[in-house]
Each structure stands twice: as C-alpha cells, then as structure tokens.
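Engineer: here is my input; please provide its structure:
(one chain, ligands or ions: 1)
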Amino acid sequence: MGVRGFVKDAVSGAALSNVSIVVAGIRHDLTTFRHHNYADMELFLRKYSSEFSSITHLYSIGRSVQDRELYVMIISDNPNVHEHGEPEFKYVGNMHGNEVVGRELLLNLIEYLCRNYGTDPEVTQLVNSTRIHIMPSMNPDGYEVAMEGKRNIYGGRNNSNDYDLNRNFPDQFVTITEPRQPETIAVMGWLKSTPFVLSANLHGGSLVVNYPFDDDKEGLSHYSRSPDDETFKQVAKAYSQENPLMYKGHPCNDLDPEDYFEDGITNGANWYTVPGGMQDWNYVNTNCFEVTIELGCVKYPLAKELPKYWEQNWRALLQFMHQVHTGIKGTVSDQDKVGIPNATISVGVIDHNITTGHTGDYWRLLVPGTYAVTASADGYKPLTTYATVSKDQAEVVDFRLTRLNSENTGHASTVPQLTRSPSDRKLSSLIKELSLDQGLEQLVKSTATDNSFRYRRPKDLEAFLRGLTLNFPQITSLHK
Ligand SMILES: [Zn+2]
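Structural biologist: Below you'll find the predicted structure:
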C-alpha cells in the first residue's frame, strides 16, 4: 500500500538520492533511525554542528561520573548568544539511561530542525524566534550498560554511582540525603546560567505528560497543586493533544491496567510521588516551567520501532516548543531605557514570581485571561498594569520603573532599603549549595571542553570508528 516511484532530476532525468518526500506534511528525509551509543551520538552532534554551523552551537555542561560529556546542541538564528527578548527553551532526554526513546527523538529533532530551516516556514520561524537547547542524554553512562529490546528492566536506569538522577535534586518538602551527583550538579549550574522559560524531560515506561508538583508535605500520593496548575495543564495538553495514542489516556494496559490519564496528562504526585525530581526543582528554583513526558511503554525498543515513535511525536515536540511563545513577555527598564536585571514580575494571586534576565527581559507563561501584573525592583517604585492574555501569542507588557530617590538624588541614604528579592536569596543559597560536594569545581569544569584528543580504550575506539562509518558513510569504510 502507499505510493512509490522515483524522483528524477528535471534536467538530466537522472535518479536523485537524498531528496525530501513530503506526504501530508510529514517529511520522510530523516536518516538517523538507529540507536546511537555515546561515540555515535558524539559524532552525530559534531557532524550537525559543523554542517549547520550558522544555526547551531554544540557545548557541554559538564561530565558524567565516567567522564562522558553532557552535550547540549543549541539551534537558533544566533546560537552563540542570548538575544534580548528571545526565549530560551530546552529538551532533556535519557536521564534514566535505559529510557532511550527520548534520546533518539531529540537527535531526530536536531536533524529535522537543521534540514528544514530556511525551507519550512514553521521550522524557520521557531528557530528564528527561540533559542532551543537540546540535551539528548543526561545519563550517558547508564545508557552504555542498558540493553536494546528491554521493555521494563532497570539496568542502566541510574548513573554509574547507582543513584537515580530524578530523585537527586533538592526537594521543597523533604531533605534528599543521597550525595548530589555530578550530572545533577551540572544541570543545576546550567539552569542558573541560562534564563530558560520552558522545558520537557523525556522518559519512557508509560505514555503521559506529567506536570508539577511531584510530591507534597505529607508524602502521600494525591493531587499536589502548584501555583501555576492551570498553565502546566495547558502546556502538557499542547503535547498530548498531538499524540493521539497518548491523548486517549490508556497507556500500557497489559502492564498497568489501572492507569487512566484524562487527556493524556497527569499531576505528578497524583500518579505517584517523586521526591528529588528535576521538574519541581526547575519550577521552584528558576524561571523555567518543566514537565516530564513518558514516551511509551517500552523503555528500550528495537531500532526498527524508532520511525514509529518519530511519527507519533514529531508534531507534539514542535507544538510544545510553540508554548514558549504564550503568556506575557516584555522588558523592565529604568527612565533611561536601560534594562533592569533581576526585577520581579508578579501576577495577581498566583504565588509564583518570575525575574528578569541580564538585559531586563522576561517571560511569564499564563493561560488566557486578564491579569494584574506588577514589576518591582530594588530601589524602584513598583508598577502595576493589566494585561489580557490570548491563546495564540505572547502579549507584550513592558515596564518603565522610576527610582525611589529620583526627587532627592544624592540623598540615597535616606531612602528606605528594600529587603533582598527572593531571587537574590535563591542565588546565594545555590552558591552555598554548590560550595559543598565539589560543586564549584564541577561548575568550573562545566565549560565546553574539546575532548577530541584523549586516549581511548579498545572498546571505545571500536565504537568511535563504527560511529564514523555510520555518520559519514560516503567517505569512510571500516575493515578489520
Ligand atoms: Zn524515567
């Protein structure tokens, strides 16, 4: 069934290879449907970052316990810098090393964005207006010991010190006693250095989008509402609605017959409690809203199944990214139009503030409605305005704040001192936290390093050579 035929050059009539066939909006020109081990993934990322150097930037946020790089690929029109007013978005995959679908989908997504930039209007607009950070693997060590074809066994889930990274973040309700792992510390430093707005963490083992909170004071499994419950439901549904099987809400009937998720989404703690999870840490400690997406019942499917996962998720992956352009956004500046960093944006009765970036820009995700929005900053008069949010695009709300001492310049000491803003306190507590467990050392090491020049073990060498032939088939061949 279906259509078949040849694509020929219009002039010479010669058959062409490597062309894009578009069927009802689905592009079939992806070439990467296979499992990528570390060496293969590394080569894939290097290949795309050099082939599409004007819209990509490959960097590492640190290293795993076994010294593998934690790679991130940025895709944007100006990939090397944060552009004022352009939101930062991230996808993180393979935090549990044996849950591999997210890792492969993110590599597919890199290829899709790179190859369709400049020709596909949706991709072009997304890449031009968003700084997209893609981390295919947060647990590369676990991946190397996990096994293909395994539905639900745990080999490779944890990092190589045998800690579950999604139970390893500081928790708002309970004290996490397990030592903080290098992968966790690297991600915490990364989030503090980049003003992320929206994120998803890709897992496997079920089929649902899970949103904060993941636990509560009592440690019981029941609905644990965050102040932004409505917004989380909206962004979660933006994903699930584009994955028809997920949206039906009966994920893995033979494995967990009781599971039913209305519209394919669930509050985390209402499903089961996860103390020390990454999504809650994102929301509680940074400006970033994160959800956790379960991509399927089989954690490590056979490679031949991978095209099916891409077909089921590519629309959803794009639709979720569009959500970063909803709510309100703008700039907080002073009378001289200079942006005010670290100003606070508070919205009506929602008990969750957002802070501005280095140049005074901010993003505040919200569901449609009319809100009282207040901007405040140390030494300035707070300013409140009303904004109406629609569903389709972010509403621009700029603030121009006046100094408290503008009438009596030179008498600053008579001005009442405001207490430090919550974000100041959060930052100092992070610095304290990073000072423990070699956290600072890890942060210093976490700048991108070039590991092209290093000794490789025989097994690694073989994987590297195999990766070369897979990524560069036209110019390499491997012989024993
Ligand atoms: Zn998982």
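
Engineer: okay, now the unreliable bits of the stretch 351-480 of the chain?
Structural biologist: Counting by pLDDT under 70, the ranges of the stretch 351-480 of the chain that qualify are 406-456, 480.

Engineer: and the strands in it?
Structural biologist: For the stretch 351-480 of the chain, the strands defined by DSSP state E, counting those that start in this stretch occupy 361-364, 369-376, 383-389, 395-396, 399-400.

Engineer: which other helices and strands contact the first one?
Structural biologist: This means strand 361-364. Applying 3 or more C-beta pairs under 8 Å, 6 or more residues apart in numbering; DSSP states H and E, we find strand 361-364 packed against strand 328-333, strand 344-347, strand 350-355. For every residue, glycine as well, the C-beta is placed using N, CA and C.

Engineer: please identify the most buried of the strands of the stretch 351-480 of the chain.
Structural biologist: The highest mean neighbour count among those, using mean count of other C-beta atoms under 10 Å, belongs to strand 361-364: a mean of 26.

Engineer: starting from that strand, tell me which strands it pairs with and how they run.
Structural biologist: Next to strand 361-364 in the sheet, as set by DSSP bridges, lie strand 328-333 (antiparallel).

Engineer: can I assume residue 316 sits in a helix?
Structural biologist: Yes: counting by DSSP: H, G, I helix; E, B strand; the rest coil, residue 316 is part of a helix.

Engineer: what's the local residue count around it?
Structural biologist: The tally of other residues near residue 316 (other C-beta atoms under 10 Å) stands at 24.

Engineer: wait, it touches residue 244, no?
Structural biologist: No: applying C-beta atoms under 8 Å, one finds residue 316 not in contact with residue 244, separated by 9.8 Å.

Engineer: surely residue 390 and residue 368 touch.
Structural biologist: Yes: counting by C-beta under 8 Å, residue 390 does reach residue 368; the two are 5.7 Å apart.

Engineer: comparing those two, which shows the higher neighbour count?
Structural biologist: residue 368 (14 against 10).

Engineer: contact partners for the more buried one?
Structural biologist: Applying C-beta atoms under 8 Å, 6 or more residues apart in numbering to residue 368 gives the contacts 389-391.

Engineer: out of those, who's nearest the ion?
Structural biologist: Distances from the ion to the contacts of residue 368, taken as C-beta to the ion, are shortest for residue 391 (30.9 Å).

Engineer: so who does the closest residue in space to residue 140 that isn't next to it in sequence touch?
Structural biologist: Counting by C-beta to C-beta, 6 or more residues apart in numbering, residue 140 lies nearest to residue 68, which is 4.1 Å off, once chain neighbours are set aside. By C-beta under 8 Å, 6+ apart, the contact list for residue 68 reads 38, 140-141.

Engineer: please redo it, this time with the cut-off set to 10 Å
Structural biologist: Going by C-beta atoms under 10 Å, 6 or more residues apart in numbering, residue 68 touches 38-39, 41-42, 60, 137, 139-141, 143-144, 160, 183, 451.

Engineer: the residues you listed: which two are farthest apart?
Structural biologist: Farthest-apart pair in these is 39 and 183; separation 18.8 Å (C-beta to C-beta).

Engineer: neighbour count for these two, which is higher?
Structural biologist: residue 183 (29 against 23).

Engineer: just how off-centre is the strand or helix carrying that one within its chain?
Structural biologist: Counting by DSSP states H and E, the element that carries residue 183 is helix 182-193. How far helix 182-193 lies from its chain's middle: 13 Å, per C-alpha atoms, centre = their mean, to the nearest Å.

Engineer: for residue 64, which non-adjacent residue is closest in space?
Structural biologist: Of all residues not flanking residue 64 in the chain, residue 141 sits nearest, at 4.7 Å (C-beta to C-beta, 6+ apart).

Engineer: what sits against residue 317?
Structural biologist: 91, 105-106, 108-109, 112-113, 200, 202, 239, 242-243, 293, 310.

Engineer: so which of those residues is the most crowded?
Structural biologist: Within the contacts of residue 317, most neighbours by other C-beta under 10 Å means residue 293, with 31 neighbours.

Engineer: and the angle from the helix or strand that contains it to strand 350-355?
Structural biologist: Residue 293 belongs to strand 289-296 when assigned by DSSP H and E. Calculated by axes from the mean of the first three to the mean of the last three C-alpha atoms, to 10 degrees, strand 289-296 forms an angle of 100 degrees with strand 350-355.

Engineer: domain-wise, how is this structure divided?
Structural biologist: Structural domains assigned to the chain are 32-325+434-471, 328-407, following automatic domain parsing.

Engineer: between these, which gets the lowest average pLDDT?
Structural biologist: Per-segment mean pLDDT for the domains of the chain reaches its minimum on domain 32-325+434-471, at a mean of 91.

Engineer: so is the next helix or strand after the helix holding residue 183 next to the ion?
Structural biologist: The helix or strand immediately downstream of helix 182-193 is strand 196-203, counting by DSSP H and E. Yes: Strand 196-203 reaches the ion (C-beta under 5 Å from the ion) through residue 203.

Engineer: just the CA coordinates of strand 196-203, formatted as CSV?
Structural biologist: Extracted in CSV, the C-alpha atoms of strand 196-203 (Å, rounded to 0.1, in the frame of the first residue of the first chain):
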residue,chain,number,x,y,z
PHE,A,196,15.2,29.1,30.5
VAL,A,197,11.4,29.6,30.1
LEU,A,198,10.0,26.2,29.3
SER,A,199,11.4,22.7,29.3
ALA,A,200,10.5,19.0,28.9
ASN,A,201,12.3,16.0,30.4
LEU,A,202,11.8,12.9,28.2
HIS,A,203,11.3,9.5,29.8
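
Engineer: direction included, what does it pair up with?
Structural biologist: Paired with strand 196-203 in the same sheet, following DSSP bridges, are strand 88-93 (parallel), strand 289-296 (parallel).

Engineer: what comes up buried for the next helix-or-strand element following it?
Structural biologist: For strand 196-203, the succeeding helix or strand toward the C-terminus, using DSSP H and E, is strand 206-211. For strand 206-211, burial by neighbour count (16 or more other C-beta atoms under 10 Å) applies to 206-211.

Engineer: quick one on the thing from earlier: which strand or helix spans the residue nearest to residue 64?
Structural biologist: Residue 141 belongs to helix 140-145 when assigned by DSSP H and E.

Engineer: buried sites along that helix?
Structural biologist: Judged by neighbour count using 16+ other C-beta under 10 Å, the buried positions of helix 140-145 are 140-144.

Engineer: and for residue 65, nearest residue in space, chain neighbours not counted?
Structural biologist: residue 160 (4.5 Å).

Engineer: any idea how far that neighbour is from residue 149?
Structural biologist: Noted for residue 160: a distance of 22 Å to residue 149, by C-beta to C-beta, to the nearest Å.

Engineer: which of the domains of the chain is buried the deepest?
Structural biologist: Comparing the domains of the chain by mean neighbour count (mean count of other C-beta under 10 Å), domain 32-325+434-471 ranks first with a mean of 19.

Engineer: need the distance between the two termini of that one.
Structural biologist: End-to-end distance for domain 32-325+434-471, by C-alpha to C-alpha, to the nearest Å: 9 Å.
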